[in-house]
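S.K.: let me see the structure of the following:
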Amino acid sequence: MQTAILIDGENIRYGAKATGMRFDYRALFEFVKQRYQIVSASYFTIYMTSAGGTNTRGQDTYLQHFNSVSKKVLGLPFHIYQVHPKIYRGGVSVAYTCPDCGHGGKAIKDRCDGDLDVHIAIEALRLAYGRIVDNILLLSGDNHFTPMVRLLSHLGVSTEVVADLQSTAGELKSAAHAFYPLSQFLAPKAIPATVAPTKSVYAVSEPCMSRETQFQGWSAGQF
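M.R.: Presented below is the predicted three-dimensional model:
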């Protein structure tokens with residue numbers, strides 16, 4: 001089957017993170033190589049930058065290695081869609097416990113959204129209407145893709161889904177022609193050198209012990 005791979009980088013990253021594992025893309029490429037004729041491959045991710053324009057998530061190195069392995073195993077690189085996010089100020093309320101006195105409250109955190117599902121759906125429909133593919137391998141458990149998968153089926157294009165078994169909606173699993181749990185493509189994280197965690201400061205919406213304060217939370221993982 002003429003197949004396209006569409007990877008929702010954010011969904012897969014968080015799916016792997018929730019298990020304490022990492023996404024083993026080499027294992028995915030070996031799986032794909034044995035089963036499909038790949039004619040198109042795309043990776044979609046939110047691209048975070050500092051005020052100076054420098055990427056803040058170490059994505060450049062990761063994606064370079066990702067494409068290097070893809071070329072070796074699959075014989076073609078992925079087209080990388082790096083979407084700059086929209087920032088919604090104070091969009092998420094996060095529960096916390098004060099490290100000094102144990103008093104609970106809420107911190108207001110900004111929410112970012114890159115509308116990756118929209119970009120992925122547009123690419124999937126471009127491939128389907130252009131009769132470029134017979135099958136799409138979608139790496140995402142986002143239930144927003146359920147209508148897209150149903151439409152692709154109506155157009156004669158099958159969709160196979162790779163996503164986290166527990167968090168993926170039943171509607172998406174049912175709409176897909178095949179479902180593969182993300183756990184097949186996870187591997188233990190390498191043990192990093194000990195590095196002091198970076199602290200992020202969030203304004204607290206409720207005073208702790210009747211005084212205005214700031215809540216310091218670890219940026220790596222707690223929020």
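S.K.: what's the burial count for K173?
M.R.: 16 (other Cβ atoms under 10 Å). (Glycine included, C-beta is placed from N, CA and C.)
S.K.: give me the pLDDT value at it.
M.R.: For K173, the pLDDT comes out at 97.
S.K.: chain neighbours aside, what residue packs nearest to it?
M.R.: Excluding its sequence neighbours, the residue lying closest to K173 (Cβ to Cβ, 6 or more residues apart in numbering) is F179, at 4.9 Å.
S.K.: who's in contact with the helix or strand encompassing the one you found?
M.R.: For F179, the host element (DSSP states H and E) is strand 178-181. Strand 178-181 is contacted from outside by 158, 160-165, 168, 173, using Cβ atoms under 8 Å, 6 or more residues apart in numbering.
S.K.: let's see it at 7 Å
M.R.: With Cβ atoms under 7 Å, 6 or more residues apart in numbering as the test, strand 178-181 has contacts from 160-162, 165, 173.
S.K.: now that strand - C-alpha only, CSV.
M.R.: Listed next in CSV are the C-alpha coordinates belonging to strand 178-181 (Å, rounded to 0.1, in the frame of the first residue of the first chain):
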residue,chain,number,x,y,z
ALA,A,178,-6.1,-0.8,12.6
PHE,A,179,-4.8,0.4,16.0
TYR,A,180,-1.2,-0.2,17.4
PRO,A,181,-0.4,0.7,21.0
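S.K.: that one pairs with which strands?
M.R.: strand 158-163 (parallel) (DSSP bridges).
S.K.: do a quick rundown of the helices in this protein.
M.R.: Using DSSP state H, the helices of the chain run over 9-19, 25-35, 59-73, 116-129, 146-154, 170-175.
S.K.: in JSON lines: those helices, plus distance to S42.
M.R.: Formatted as JSON lines, these follow (distance: least, Cβ to Cβ, whole Å):
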{"stretch": "helix 9-19", "distance to S42": "10"}
{"stretch": "helix 25-35", "distance to S42": "13"}
{"stretch": "helix 59-73", "distance to S42": "11"}
{"stretch": "helix 116-129", "distance to S42": "6"}
{"stretch": "helix 146-154", "distance to S42": "14"}
{"stretch": "helix 170-175", "distance to S42": "19"}
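S.K.: and Q184, how many residues sit next to it?
M.R.: 12.
S.K.: distance check, it against M21.
M.R.: Using Cβ to Cβ, to the nearest Å, Q184 is found at 11 Å from M21.
S.K.: go on, T45?
M.R.: Remark: distance between T45 and M21 (Cβ to Cβ) = 19 Å.
S.K.: pick out whichever of the two has more residues nearby.
M.R.: T45 (21 against 16).
S.K.: double-check that one against Q82; I have them as touching.
M.R.: Yes - the pair T45 / Q82 is scored as a contact, 6.0 Å apart, by Cβ atoms under 7 Å.
S.K.: indicate which one of the helices of the chain is closest to M1.
M.R.: Ranking the helices of the chain by proximity to M1 (Cβ to Cβ) places helix 25-35 first, at 8.5 Å.
S.K.: on that earlier part again, mind giving me the ChimeraX select for the contacts of strand 178-181, buried ones only?
M.R.: Only the buried entries of the contacts of strand 178-181 go into this ChimeraX selection, using 16 or more other Cβ atoms under 10 Å:
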select :160,161,162,173
